[in-house]
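S.K.: got a predicted model here, sequence first, then my questions.
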Amino acid sequence: MQLGIKHQYVSRWRKDVSGTLTKNQLKHNAIQRAGELFDLSPIETEALANSAGLSLHSLSNADGSNGFVAYFNGLLDKYQGKIKELCELACVSERMFRYIRKGEHIRKEPLVALLLTMGVCINIMQNCLKKAGYVLSRSIPTDTVVLWLIENEPKMRAYNPVNFTNEILYSLGLPLLMTRTKTDNS
């Protein structure tokens, strides 16, 4: 309770660290308060956030935007395909895509799926995720698989990277990246 967080939120977060049931702002606030409570440096506090798959980097500006919209739209300008095809390949609804493009209701999973489909390198992906308040963390199993595939699986780019990643995640019993259908066995 010293962190100013209700017990129900902590237990919900413990059950599903990467889930959306717990508000991201609450997670960010908890990490910042923990940093203050334990007298952590800003670098140590960011490392604590990173281990939870989050980044406090996005909160550094007063408005919290930190240039995500401009950065993401700049990546989209470089993308060679059509937006509708991008959404289909990433298994992200066009509505969710519009939200992300405006910087509203940004969730980690659809953003990762879009960035994977766009074929950006890991540094650009992590930078974009940081601007949105996230990171791919080696302490989260799904993130670890995504990182490993990006770094070690060149044939992933030849196929649909989201489907390829989801097949691996499914075989490991981990949560899948964006799926609109109940079964992806087709």
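M.R.: Received it, and whenever you're ready, just let me know what you need. Given the structure is predicted, the values throughout are model-derived calculations rather than measurements.
S.K.: who does the helix ranked longest in the chain touch, helix- and strand-wise?
M.R.: Looking across the chain with DSSP state H, the single longest helix is helix 24-37. The contact analysis (3 or more C-beta pairs under 8 Å, 6 or more residues apart in numbering; DSSP states H and E) places helix 24-37 against helix 7-15, helix 42-51. (Glycine included, C-beta is placed from N, CA and C.)
S.K.: hang on, residue 165 packs against residue 147?
M.R.: No - applying C-beta atoms under 8 Å as the test, residue 165 and residue 147 come out as separate, 10.7 Å apart.
S.K.: these two: who's more crowded?
M.R.: The neighbour count for residue 165 versus residue 147, taken as other C-beta atoms under 10 Å, is higher for residue 165 (23 against 17).
S.K.: list the buried ones in the helix or strand containing the more buried one?
M.R.: Using DSSP states H and E, residue 165 sits in helix 161-171. Buried residues in helix 161-171, defined by neighbour count with 16 or more other C-beta atoms under 10 Å: 161-166, 168-169.
S.K.: so residue 115 touches residue 125, yeah?
M.R.: Yes - the criterion here is C-beta under 8 Å, and residue 115 meets it with residue 125 at 4.7 Å.
S.K.: any weak-confidence spans in this structure?
M.R.: For the chain, the stretches with pLDDT under 70 are 1-23, 58-66, 157-158, 179-186.
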